[in-house]
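In: got a sequence here, can you model it:
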Amino acid sequence: MGVLYDRICIVTGAAGSLGQASARRFADEGAKVMLVDRDRARLDAALKALPEGRATAMLADVTSAKDTQAFVDATVARWGPIDVLFSNAGVSGVVRPVTEYPEDVFDAVVAVNLKGSFLACKHALSKMRDGGSIIMTSSVVGVTSDPGIAAYAAAKHGLIGLMRTVAKEAASRRIRVNVVAPGPIDNDFQRDVERGLSRALGTDAGTFLDSVIPLGRHAKAEEVAETVLFLASDRSAFTTGSVLMVDGGMHV
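Out: Predicted coordinates:
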């Protein structure tokens, strides 16, 4: 019997590599999983990759209170109270100095990366089973930063503050709330970030980042998903209000 046997889980940003890898591990461990994303084609592909009957999917914009309420309600209507909320949806924005950073991009990055988790907590908490788990995806730049990423760093720092607040509010129900903070992951999201960073640095950003990661490489999505699974399961029963770094030592 898996460590998430018959647990009811929601994964936002489920069409991305970390969302898919985490949803796969949840399903492998016996969970039923609601996949949420705004990319229909990739969401359909993610659903097809999971065992039949253990998952369903829903298109949603995580910045919309209406959409968030809808995917929470749909999950509960299908399977019952929620055990695990993995708020993982994110966008990177652009790499620009703060004096040149487009205001509309800043707003969009904060809306997806920070407001999305706020709305997920706001609407899911009352539908969660006591003893459940909320996991939010921050980043190594949630505890550090670099030039050119004002919106992304601000949002990811903000997530940690949100997590710590919700962890204290939910503790009386034994609902644990934690952040997973990956470093660079070898995926399309990171490659998009690195294209902008390469232009800003005047050198290959992927190679540069590997040089400042003590373990010397980008993570695999599957490696980060193992930490997400730990936080989702009872193996982390006394872990709340924490930031679990999965960055190869990059923040040190």
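
In: show me the helices in the protein, by range?
Out: 17-28, 40-48, 65-79, 103-110, 116-124, 150-170, 188-201, 205-212, 221-232 (DSSP state H).

In: just the mean pLDDT for the first one, thanks.
Out: The average pLDDT within helix 17-28 is 97.

In: check which helices and strands it sits against.
Out: Helix 17-28 is packed against strand 8-12, strand 32-37, helix 40-48, strand 82-87, helix 221-232, with contacts defined by 3 or more Cβ pairs under 8 Å, 6 or more residues apart in numbering; DSSP states H and E. No exception for glycine: its C-beta is placed from N, CA and C like everyone else's.

In: for it, C-alpha coordinates in CSV please.
Out: Taking C-alpha atoms only, helix 17-28 is exported to CSV below (Å, rounded to 0.1, in the frame of the first residue of the first chain):
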residue,chain,number,x,y,z
SER,A,17,7.7,19.0,-15.6
LEU,A,18,7.6,19.2,-11.8
GLY,A,19,3.8,19.1,-11.7
GLN,A,20,3.8,16.0,-13.9
ALA,A,21,6.6,14.3,-12.0
SER,A,22,4.9,15.0,-8.7
ALA,A,23,1.4,13.9,-9.9
ARG,A,24,3.0,10.7,-11.2
ARG,A,25,4.6,10.0,-7.8
PHE,A,26,1.3,10.8,-6.0
ALA,A,27,-0.6,8.3,-8.2
ASP,A,28,2.2,5.7,-7.9
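
In: before we move on, the earlier item: which of the helices of the chain sits most buried?
Out: By mean neighbour count, with neighbours taken as mean count of other Cβ atoms under 10 Å, helix 17-28 ranks first of the helices of the chain at a mean of 24.

In: what about that one, distance to the chain center?
Out: 11 Å (Cα atoms, centre = their mean, to the nearest Å).

In: residues in contact with that helix: which ones?
Out: With contacts defined as Cβ atoms under 8 Å, 6 or more residues apart in numbering, helix 17-28 is touched by 2, 4, 7, 9, 11-14, 33, 35, 37, 46, 49-51, 54-55, 84, 86, 88-89, 137, 182, 185, 187-189, 221-222, 224-226, 228-229, 232.

In: swap in stretch 187-203?
Out: Residues outside stretch 187-203 that contact it (Cβ under 8 Å, 6+ apart): 16-18, 90, 92, 94-95, 147-148, 184, 204-206, 208-209, 218, 221.
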